[in-house]
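**Student:** Return atomic coordinates for the entry below.
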Amino acid sequence: MNPKVSVIMLTYHHAPYLKQAIEGVLSQQTGFPFELIICNDCSPDDTDEVVKEFAEKHPDIIKYFKHEKNTGFVENQRFAFRLARGEYIAYCEGDDYWTDPDKLQFQADFLDKNPEYVMTTARNLLYYQNEERMTGDGKDHLFGSKDFVDYTQESFFINRPMQTFTYMIRRKFLDLKWIDVYPDYRDLYYFYHLLEFGKGRSFNKIIGVYRLHDGGVYSSLKIENKYRTSIHIFKNIRQVNHDQRADSQIIKDLDQLIMQYYYRKEFKIPLVNRNLYKSVFERFSLSGNVKVLLMQLLKTVKYTFKR
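**Tutor:** All right, here's what the predicted structure looks like:
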């Protein structure tokens, strides 16, 4: 019998955290079969030993694959997606973990009953590994007192109440051709294209913990790099799909980056920061807003002496 849900777990340098990630998946209480596909990208740590111990105990659930050489995140993800047999796909990176044993069941139930939806996500906590500190996900303003928030491809450019390790998607709408179309493939690309086929729903319910640490794919990026990465992603979406709606997110990211240049002392003082000027004029080229341009240039002088 084919599994109803395929859970993808990519792992590289996750040995200290992997046990918790696997246990979070195995703790799921479902009325249907599911599989856990673990793809080890030739990690040089103890990942192999950790996974094999679980795989031997749960051969009916765990499908384990270890690459003989490092293929990189994108190819490892492509490999894992091609192995999935379930109607739905869920995802949990090897350094994150689920805390809700009903995660797979309630998301599959929702998609079963609502064919107009192509994906569902939920909320999470953030764990700062180096500081041993737990916080919320910072999305209270999106949910308020609501039980859920729906999103579309249109609202994708404004607010995205989604975290990759919380999703469940319909596998039939996952088109792997986009991996080869976009440079530096990211999860946001296939979220964008999934939403061509229907809506998404994010539940105001905490289902797991996203771990931030020095080895994380995204959390290790410096502040400047973080915003530049997002800007790059949405520029690619605009270019590949001729979708000008991406400009709204690019402008939003530029505004956030410009604010960092003003306030954070680790950056050069604003008056001599070339990257600040580049961002200010890049924003102007997209918005054409002279008033904002002048205001940001005046702030460049203000925060040079005030910071």
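
**Student:** where in the protein is pLDDT low?
**Tutor:** 214-221 (pLDDT under 70).

**Student:** hmm, 50 instead?
**Tutor:** Applying pLDDT under 50 to the chain flags residues 218-221.

**Student:** care to break it down by domain?
**Tutor:** As given by automatic domain parsing, the domain ranges for the chain are 5-212, 223-306.

**Student:** what's the first-to-last distance across the first one?
**Tutor:** Going back to what we said before, that points to domain 5-212. Taking Cα to Cα, to the nearest Å, domain 5-212 runs 27 Å from one end to the other.

**Student:** could I get the domains of the chain as CSV with mean neighbour count?
**Tutor:** C-beta here means a position set from N, CA and C on the backbone, and glycine is covered the same way. Below are the domains of the chain laid out as CSV (neighbours: other Cβ atoms under 10 Å):
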stretch, mean neighbour count
domain 5-212, 18
domain 223-306, 16
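
**Student:** A122 and G200 touch, don't they?
**Tutor:** No: using Cβ atoms under 8 Å, A122 is not in contact with G200; the gap is 11.2 Å.

**Student:** and the gap between D147 and F110?
**Tutor:** Distance of D147 to F110, given as Cβ to Cβ, to the nearest Å: 12 Å.

**Student:** Show the contacting residues for the nearest residue in space to N40 that is not next to it in sequence.
**Tutor:** Among residues not flanking N40 along the chain, K66 sits closest, at 4.3 Å (Cβ to Cβ, 6 or more residues apart in numbering). By Cβ atoms under 8 Å, 6 or more residues apart in numbering, K66 lies in contact with 39-40, 42, 48, 51.

**Student:** In strands, which of those residues fall?
**Tutor:** Secondary structure assignment by DSSP state E places 39-40 of those in strands.

**Student:** Now distance to F81 too, for the contacts of K66, in CSV please.
**Tutor:** Shown next, in CSV, are the contacts of K66 (distance: Cβ to Cβ, whole Å):
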residue, distance to F81
C39, 10
N40, 16
C42, 19
D48, 22
V51, 19
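
**Student:** Break down this structure into its strands, ranges please.
**Tutor:** Shown for the chain, the strands assigned by DSSP E span residues 5-11, 34-40, 62-66, 88-91, 97-98, 117-128, 133-135, 148-151, 168-170, 199-212.

**Student:** With distance to S27 as added columns, please give the ones you listed in a markdown table.
**Tutor:** Listed next are the strands of the chain as a markdown table, based on distance: least, Cβ to Cβ, whole Å:
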| stretch | distance to S27 |
| --- | --- |
| strand 5-11 | 12 |
| strand 34-40 | 11 |
| strand 62-66 | 14 |
| strand 88-91 | 14 |
| strand 97-98 | 8 |
| strand 117-128 | 16 |
| strand 133-135 | 19 |
| strand 148-151 | 24 |
| strand 168-170 | 16 |
| strand 199-212 | 11 |
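
**Student:** Out of those strands, flag the one nearest A246.
**Tutor:** A246 lies closest, by Cβ to Cβ, to one member of those: strand 148-151, at 15.6 Å.

**Student:** Mind listing residues that contact that closest one?
**Tutor:** Residues contacting strand 148-151 (Cβ under 8 Å, 6+ apart): 142-143, 159-162, 195, 199-204.

**Student:** One more pass at 7 Å, please.
**Tutor:** 142-143, 160-161, 199-204 (Cβ atoms under 7 Å, 6 or more residues apart in numbering).

**Student:** still on that earlier bit, of the contacts of K66, just say which sits nearest to N76.
**Tutor:** Checking the contacts of K66 against N76 with Cβ to Cβ, the nearest one is C39 at 5.3 Å.
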